[in-house]
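A.B. asks: This is the structure alone, sequence omitted:
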């Protein structure tokens, strides 16, 4: 089981009162090139508490903050006009979110809760998550610092790049695939382009960057396993 020390709260950015299912979110995220739903837990408008991506799997819900976090979302977050950010949580949702936070905190020893808007320039989850729920956690008051995800990209260099290049070469061998010569310890144009070829072959976001999802897909590919699917 991976280390989890933070919960990041989200909203689905859907109009107030609109019901949203896990299957819908899964479809939205697949359309973005993800391996299905990026959130681990979903709270419906009537307080339903649903499982999304397995908690043991790295999420896809907050850039640079996925490896050691859990993504929890509630249905809503936008006014009925479909545009204006609004805290649309029903009484049942607030009760369910509180229960989720306490249960996840106790299960994994989580130290901190944050809103998505603390890490990205967006309104999500349309309320101040830290202000509302910080009292449940000990991390913020004791100076807890989030652990950023490692992402390799054009210009990166060092042992981790060497390791990635070796994996790219091994993957090409499994497919008897020819390509540009890859060498050295610098993430250059050729490494970026070969990474994109790999990402497209695995059906994930082809941005040429090597983050948690791409690394996981490489592990599966080298083990001759199909691409990861969040909901199986």
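C.D. replies: Yes, it's here. Nothing here was measured: the structure is a model prediction, and the numbers come from that model.

A.B. asks: got the buried residues for the helix ranked longest in the chain?
C.D. replies: Selection of the longest helix in the chain by residue count, based on DSSP state H, yields helix 91-108. Within helix 91-108, the residues that count as buried by 16 or more other CB atoms under 10 Å are 93, 94, 96, 97, 100, 101, 104, 105, 108. Using the backbone N, CA and C atoms, a C-beta is placed for each residue, glycine as well.

A.B. asks: any chance of those residues in TSV, plus pLDDT?
C.D. replies: Below are the buried residues of helix 91-108 laid out as TSV (pLDDT from 0 to 100):
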residue	pLDDT
93	98
94	98
96	98
97	98
100	97
101	97
104	97
105	96
108	95
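
A.B. asks: which of the residues you listed lies closest to residue 5?
C.D. replies: Ranked by distance to residue 5 (CB to CB), those are led by residue 108 at 7.8 Å.

A.B. asks: list the helices and strands the longest helix of the chain packs on?
C.D. replies: Other helices and strands packing on helix 91-108, by 3 or more CB pairs under 8 Å, 6 or more residues apart in numbering; DSSP states H and E, are strand 6-11, strand 41-43, strand 49-51, strand 69-74.

A.B. asks: where does this protein dip in pLDDT?
C.D. replies: 139-142 (pLDDT under 70).

A.B. asks: Apply 50 and report the result again.
C.D. replies: The model of the chain has no residue with pLDDT under 50.

A.B. asks: Centroid-nearest residue for it?
C.D. replies: residue 60 (1.7 Å; CA atoms, centre = their mean).

A.B. asks: is it true that that residue touches residue 30?
C.D. replies: No - if you go by CB atoms under 8 Å, residue 60 and residue 30 don't touch, sitting 10.7 Å apart.
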